[in-house]
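In: all I have is the shape, not the residue letters:
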DNA sequence: GTACTTGCAAATTATTTGCACACAC
DNA sequence: GTGTGTGCAAATAATTTGCAAGTAC
């Protein structure tokens, strides 16, 4: 990852009529230098060392902005999720409608090949995977089309 | 999904020296009957109709138990995650060490085939996928081995 | 009878909002 | 100068914990 992301950030912000500010620089620097995923609180703590005046609220707002601009992505952990569904069989994954929340299950995720190859490359002992797909279900697609015209 | 999960629940609980109680029955019934993923708050609201004395705390504890026993699974949504990482390129996925939090990125997730086939079967218009792998990184494996003996 | 469970209240943690002031452009 | 961004304080939301009382076995 880039060690000085500021110039790129400046350009991206300008395109969107947003301003380059110290908090934004600092937050992006912290995330860029991390070899590690960080929670908002961790980012805040570290960023505050570079810019003590920083507020936690700003970190949250900045993270949203950076995700929106595509400089940062959210990581999904095994914890920190808020919905539950009945177990079908095997390890079920879900295809969730992003509009109405309806969910279909599937279990043939066919990740074995990927998992094997990553284990070989990285040396990790992979034991959990999270795979969830999202999109509009047929009904919501119909409704969405109806609304548009 | 089973419409009356109670007998199976009873057996599973007995195996683990846990007791079959009304709250546990009710919570599992609600989840089993849902064609939908549910948040703890939603489960609470619905379960309370069947058993008004129920407390929200119990719902949380029951969900943990049901997950542990394998009767229920957590669904991971695009929201509700708490960590951030720099964007590498394309849409990055992560392989996160469950012990130290270190993360490797990868983007060749090779889900196209799966996505296509699911779109065909279900009619969903899939536009987002969450894929995260977890396991012990090489360092943590070494340390874990050291600790055991 | 005993160990496991529960519900409540309170504590904790995470995140969001309103608003006056400050700053980048 | 103007509109965007900031920090603070307070509000809201989500989850966890301590504990006395209740209940399944």
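Out: Yes, it's here. Remember, it's a predicted structure, so these values are computed and weren't measured experimentally.

In: a helix runs through residue A:129, doesn't it?
Out: No - Residue A:129 is assigned strand when assessed by DSSP: H, G, I helix; E, B strand; the rest coil, not a helix.

In: verify the stated contact: it with residue A:118.
Out: No - between residue A:129 and residue A:118 there is no contact, the gap being 10.2 Å when judged by C-beta atoms under 8 Å. (C-beta placed from N, C-alpha, C; glycine too.)

In: for the closest residue to residue A:129 other than its chain neighbours, helix, strand, or coil?
Out: Counting by C-beta to C-beta, 6 or more residues apart in numbering or on different chains, residue A:129 lies nearest to residue B:133, which is 4.8 Å off, once chain neighbours are set aside. Secondary structure for residue B:133, judged by three-state DSSP, is strand.

In: with the one 10 residues further on instead?
Out: Each residue gets one of three states, and residue B:143 gets helix by three-state DSSP.

In: please report how far it lies from residue B:49.
Out: Noted for residue B:143: a distance of 49 Å to residue B:49, by C-beta to C-beta, to the nearest Å.

In: for residue A:55, same thing?
Out: The span separating residue A:55 from residue B:49 equals 43 Å under the rule C-beta to C-beta.

In: again with residue A:41
Out: Distance, residue A:41 to residue B:49, by C-beta to C-beta: 37 Å.

In: so, low pLDDT: which residues of chain A?
Out: When residues are selected by pLDDT under 70, those of chain A lie in A:1-3, A:35-36, A:76-92, A:98-101, A:147-149.

In: what does it put close to DNA strand C?
Out: When proximity is defined as C-beta under 7 Å from any atom of the strand, chain A approaches DNA strand C at A:10, A:13-14, A:19-22, A:39-41, A:56-57, A:60-61.

In: can you tell me which of the residues you listed lies nearest to residue A:110?
Out: The shortest gap between residue A:110 and any of the residues of chain A next to DNA strand C belongs to residue A:39, at 31.5 Å (C-beta to C-beta).

In: could you pull up phi and psi at that closest one?
Out: Main-chain dihedrals, residue A:39, degrees, to the nearest 10: phi -80, psi 160.

In: state the phi and psi torsions of residue A:52.
Out: The phi/psi pair for residue A:52 (degrees, to the nearest 10) is phi -60, psi -20.

In: before we move on, the earlier item: where do the contact lists of residue A:129 and residue A:118 overlap?
Out: Listed as contacting both residue A:129 and residue A:118 by C-beta atoms under 8 Å, 6 or more residues apart in numbering or on different chains are residue B:133.

In: show me where chain A has its strands.
Out: Using DSSP state E, the strands found in chain A span residues A:72-75, A:83-86, A:93-97, A:103-106, A:125-136.

In: would you turn these into a markdown table with mean neighbour count?
Out: Converted to a markdown table, the strands of chain A look like this (neighbours: other C-beta atoms under 10 Å in any protein chain shown):
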| stretch | mean neighbour count |
| --- | --- |
| strand A:72-75 | 21 |
| strand A:83-86 | 22 |
| strand A:93-97 | 24 |
| strand A:103-106 | 19 |
| strand A:125-136 | 19 |
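
In: out of those strands, which is closest to residue B:69?
Out: Using C-beta to C-beta, those put strand A:83-86 closest to residue B:69, at 12.5 Å.

In: what's the longest helix seen in chain A packed up against?
Out: What stands out as the longest helix in chain A, according to DSSP state H, is helix A:56-69. Here helix A:56-69 touches helix A:22-33, helix A:40-50, strand A:72-75, strand B:83-86, going by 3 or more C-beta pairs under 8 Å, 6 or more residues apart in numbering or on different chains; DSSP states H and E.

In: and these as JSON lines, adding distance to residue B:104?
Out: Conversion of these to JSON lines gives the following (distance: least, C-beta to C-beta, whole Å):
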{"stretch": "helix A:22-33", "distance to residue B:104": "16"}
{"stretch": "helix A:40-50", "distance to residue B:104": "19"}
{"stretch": "strand A:72-75", "distance to residue B:104": "12"}
{"stretch": "strand B:83-86", "distance to residue B:104": "10"}
